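Peer 1: one predicted model, sequence on top.
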Amino acid sequence: MQVFDGFKKRLEVSVRHLSKLVASIQVSYSRTQSYIIEKLNQNLIFMSVHRIISNGFHNEKRDAHLPKIAQINLKDMILVSWGKLRRQYLIHYNPQYVKASLERRRGECIRCGTCCRLSVKCPFLDFNTQYPICDFYTFRSNVCRTFPIDAKDLKDRNRLSPGIQCGYWFES
């Protein structure tokens, strides 16, 4: 019995040490993951700022071939910005709605770049070609991948380019 009790005590001590080790590894992993995410975000921000500085926000000559964006009033700008927040919320907190809505979506992108200029012109979009090209297409966010999520998004898009019909539509 004494041998068993000694073994049991050593086993309990080992389990406590192992638990502390696992906890420290989890903390270390979390810190490493946070550090990597922070560095990636810094790099993306640097690249965005570099693109904006080198290309400028808006260049009439460079953007002449693109569809003109309508001058919208403050109310419409607030609604378009609210739409961005709504899409972020849907993507992260209501994926079932997004999935169901995308199943009703028909058509294809006509590459006009209007959705990439909702409220703020995307710094990753290269407008130097006939059709806008996304530099981060394979790494783009889910919000970009799923646009338009529903008819409300098309309504936001049409506030900026009312004369150009989007290639997407939704079945009822």
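Peer 2: Alright, I've got the coordinates.
Peer 1: quick one: the strands in this protein, in order.
Peer 2: 105-107, 125-126, 133-134, 168-170 (DSSP state E).
Peer 1: so the protein: which segments form each domain?
Peer 2: For the chain, automatic domain parsing gives the domain ranges 1-55, 74-170.
Peer 1: among those domains, show the one with the smallest mean pLDDT.
Peer 2: The minimum mean pLDDT among the domains of the chain belongs to domain 1-55 (a mean of 63).
Peer 1: a markdown table for the strands of the chain, including mean neighbour count and distance to Cys116?
Peer 2: Yep, even glycine has a C-beta here, placed from its N, CA and C like the rest. Compiled in a markdown table, the strands of the chain are given as follows (neighbours: other C-beta atoms under 10 Å; distance: least, C-beta to C-beta, whole Å):
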| stretch | mean neighbour count | distance to Cys116 |
| --- | --- | --- |
| strand 105-107 | 14 | 17 |
| strand 125-126 | 16 | 5 |
| strand 133-134 | 15 | 7 |
| strand 168-170 | 16 | 14 |
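Peer 1: out of these, which is closest to Ser161?
Peer 2: strand 168-170 (13.1 Å; C-beta to C-beta).
Peer 1: note down every partner strand of the closest one and its orientation.
Peer 2: Note on strand 168-170: by DSSP bridges, its sheet partners are strand 105-107 (antiparallel).
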